[in-house]
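Participant: Predicted model, plus sequence, below.
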Amino acid sequence: MTMAATDDPARLRELGEQSHAWPFEEARKIVARLKRRPKDQVIFETGYGPSGLPHIGTFGEVARTSMVRHAFRVLTEDKIKTRLIAFSDDMDALRKVPDNIPNREMVAQHLGKPLTKVPDPFGTHDSFAAHNNARLRAFLDQFGFDYEFLSSTACYTSGCFDVALRAVLDRFDEVMKIMLPSLRQERAETYSPFLPISPRTGVVLQVPVVAHDAKAGTISYEDPDTGERVTTPVTGGRCKLQWKPDWAMRWLALGVDYEMAGKDLIDSVKLSGEICRALGGLPPEGFNYELFLDEQGQKISKSKGNGLTIEEWLRYASPESLSLFMYREPKAAKRLYFDVIPRHVDDYLQFLDAYQRQAPKERLGNPVWHIHGGAPPAADNPVSFAMLLSLVTASNAENADTLWGFIGRYRPGVTRQTHPRLAALVDYAIRYFHDFVLPAKKFRVPTHAERAALIDLRDALSQLAADATPEAIQDVVYEVGRRAPFLDETKRAKDGKPGVSLEWFNMLYQVLLGQEKGPRFGSFVAAYGIQNTVDMIDGALARSA
């Protein structure tokens, strides 16, 4: 069962026009573009370099672009056709042999050739590019993205790019005028926007162009090995473009209306935009998203391997939680490390729960509306991820059966069969605990005052019935905590009594569970069991005696 914001397309469009959600802000830019230059279909594009495997940034770019595409469809009531192209730059030359592939010596013999001409080191496809392109498509299909795959090699060799390539040749001097100021002097002296493919070796040549003939559609260069002057057409896959002119040419040839890029490509987007205009085209709309940072706040690098892979995220959490991470503040730098996973799992569940209570206007600002293409599933998750992690931590659970025992006590009638999404969360929580929580688990020694409070809490809990409600347990926890140094006179409870500082609850988790924070303590005790909690307090007191 899914829940749309409204069934009326016109009403939905009105709400979208007023929405402050960033996908709608981006989509409105495309609507304005169409008013200036009407067309019957809108092209969204994302790019992929197939010299490596798809990574978490690939997911982020396609997920975010898909959100903008859906917002645009809402703003136009789906009356304008849209396409999302996943473009593979597979005609790029192989510049170095990746460290993480087999048969590296064999691959090294083909350095400099287009990736589609490099044999597949895995032995499963016609080329290295074909192997990685297949991985890209399987990767995108896994998440249900609606896209069309395009190969650079196929576009160059089929003639799809021929008209745009001739446009670059016609404006050769203008393109050079745009590019040369951005290059170092040494590179500028030999630079050419065209890279001929050697008919003799198959290598993508980085050579100066000694002559170009726009009317004939050719360029001339000197073979770097033989010194022979070679004249070749720029069309039919006999040449490719340097990447900034290539990007601009592709926008023109494919009619791209929207493409986002990382903050590190701001200057490249500007240069390619200038070239696109020089060719008579209009650069696409888009924005520059911030880059992901590692645990130390350093930029994530594929070559350094200092980030979190998509496989690692999906080992501990759902794709939807990763989509939420991508949705949030795309223009702000964010840490992408294991410790951000639990919060995004629970935040996703909270957004999903809130959605069903929201008015249509509020729903369009809820991330789950964008994550699920306007139709989020009904919320039905009776236990938070934070609660599951605390239960695993308290019990050192080795298997899901232990956890389901606690869940059954806390939420009678809830089983694997009735709540399959919760079953997945249980498995995620156990993996996360064993890989991250357990190795870092460190119990804090309570102070003298804290020991006294823990003894009183143990005694108070012991007086409760085994089936006491989470609320009744929480009341006891609050009452025991109303003492120095946890008393907070600036706060007042509903009954007018003084409040209790967060330090009281943080102390409970740090001393009893060896973790910094946790879910509502009364709910945790109800799930874990009062007697189990009393035993846990006794264990903590014994450890610190």
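Facilitator: Now that the structure is in, tell me what you want to look at. Numbers count the residues shown, from 1 in each chain.
Participant: Please enumerate the helices of the stretch 1-150 of the chain.
Facilitator: Secondary structure of the stretch 1-150 of the chain (DSSP state H, counting those that start in this stretch): helices located at 9-18, 22-36, 56-75, 104-108, 128-142.
Participant: so what's residue 248 up against?
Facilitator: Neighbouring residues of residue 248 by Cβ atoms under 8 Å, 6 or more residues apart in numbering: 272, 273, 274, 275, 276, 279, 281, 283. Every C-beta, even on glycine, is put in place using the N, C-alpha and C of the backbone.
Participant: Serialize the residues you listed to TSV and add fields for secondary structure.
Facilitator: Formatted as TSV, the contacts of residue 248 follow (DSSP: H, G, I helix; E, B strand; the rest coil):
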residue	secondary structure
272	helix
273	helix
274	helix
275	helix
276	helix
279	coil
281	coil
283	coil
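Participant: Quick one: which of those residues is the most crowded by neighbours?
Facilitator: Compared across the contacts of residue 248, residue 275 has the highest neighbour count, 27 neighbours, by other Cβ atoms under 10 Å.
Participant: where does that residue land on pLDDT?
Facilitator: The score at residue 275 is 98. That number is its pLDDT.
Participant: ok, and the closest non-adjacent residue to it?
Facilitator: The shortest distance from residue 275 to any residue other than its chain neighbours is 3.7 Å, reached at residue 248 (Cβ to Cβ, 6 or more residues apart in numbering).
Participant: can you list the residues that contact stretch 62-72?
Facilitator: If you take Cβ under 8 Å, 6+ apart as the criterion, stretch 62-72 is touched by 16, 21, 23-24, 26-27, 30-31, 42, 44-46, 80, 82, 84, 86, 140, 143, 145-147, 258-260, 289, 323, 326-327, 330, 370-371, 373-374.
Participant: These, buried ones only, as a PyMOL selection?
Facilitator: Listed next is the PyMOL selection for buried residues among those, using 16 or more other Cβ atoms under 10 Å:
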select buried, resi 16+21+23+24+26+27+30+31+42+44+45+46+80+82+84+86+140+145+147+258+259+260+289+323+326+327+330+370+371+373+374
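Participant: burial measure for residue 216, as a count.
Facilitator: Applying other Cβ under 10 Å, we find 11 residues neighbouring residue 216.
Participant: so it sits in a helix?
Facilitator: No - according to three-state DSSP, residue 216 belongs to no helix; its state is coil.
Participant: Next, the contact list for it, please.
Facilitator: Residue 216 neighbours (Cβ under 8 Å, 6+ apart): none.
Participant: So for residue 303, what's the pLDDT?
Facilitator: Residue 303 carries a pLDDT value of 45.
Participant: and what of residue 1?
Facilitator: For residue 1, pLDDT reads 56.
Participant: next one: residue 306
Facilitator: With respect to pLDDT, residue 306 has a value of 56.
Participant: residue nearest the centroid of this protein?
Facilitator: For the chain, the residue nearest the mean C-alpha position is residue 60 (3.3 Å; Cα atoms, centre = their mean).
Participant: Give the other helices and strands that the helix or strand bottoming out on mean pLDDT in the chain contacts.
Facilitator: Least confident element among the helices and strands of the chain, by mean pLDDT, DSSP states H and E: strand 292-293 (a mean of 81). In terms of contacts (3 or more Cβ pairs under 8 Å, 6 or more residues apart in numbering; DSSP states H and E), strand 292-293 is packed against strand 334-335.
Participant: Low-confidence bits of the chain, can you list those?
Facilitator: Applying pLDDT under 70 to the chain flags the ranges 1-3, 5, 300-307.
Participant: quick revisit: using CSV, please lay out the helices of the stretch 1-150 of the chain together with distance to residue 432.
Facilitator: Listed next are these as CSV, based on distance: least, Cβ to Cβ, whole Å:
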stretch, distance to residue 432
helix 9-18, 37
helix 22-36, 29
helix 56-75, 17
helix 104-108, 35
helix 128-142, 21
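Participant: deepest of those, which one?
Facilitator: Highest mean neighbour count of these: helix 56-75, a mean of 23 (counted as mean count of other Cβ atoms under 10 Å).
Participant: With just CA atoms, put that one into PDB.
Facilitator: What follows is helix 56-75, C-alpha atoms only, in PDB (Å, rounded to 0.1, in the frame of the first residue of the first chain):
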ATOM      1  CA  ILE A  56      28.200   5.600  -3.800                       C
ATOM      2  CA  GLY A  57      28.600   8.900  -5.700                       C
ATOM      3  CA  THR A  58      27.100   7.200  -8.800                       C
ATOM      4  CA  PHE A  59      24.000   6.200  -6.800                       C
ATOM      5  CA  GLY A  60      23.800   9.800  -5.300                       C
ATOM      6  CA  GLU A  61      23.800  11.500  -8.700                       C
ATOM      7  CA  VAL A  62      21.200   9.200 -10.200                       C
ATOM      8  CA  ALA A  63      19.000   9.300  -7.200                       C
ATOM      9  CA  ARG A  64      19.100  13.100  -6.900                       C
ATOM     10  CA  THR A  65      18.500  13.500 -10.600                       C
ATOM     11  CA  SER A  66      15.600  11.100 -10.500                       C
ATOM     12  CA  MET A  67      14.100  13.300  -7.700                       C
ATOM     13  CA  VAL A  68      14.300  16.400  -9.800                       C
ATOM     14  CA  ARG A  69      12.900  14.600 -12.800                       C
ATOM     15  CA  HIS A  70       9.900  13.500 -10.800                       C
ATOM     16  CA  ALA A  71       9.300  17.000  -9.400                       C
ATOM     17  CA  PHE A  72       9.400  18.300 -13.000                       C
ATOM     18  CA  ARG A  73       6.800  15.800 -14.100                       C
ATOM     19  CA  VAL A  74       4.600  17.000 -11.300                       C
ATOM     20  CA  LEU A  75       5.100  20.700 -12.300                       C
END
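Participant: out of the helices of the stretch 1-150 of the chain, nearest to residue 391?
Facilitator: Between residue 391 and these, the shortest gap by Cβ to Cβ is with helix 56-75, which sits at 28.9 Å.
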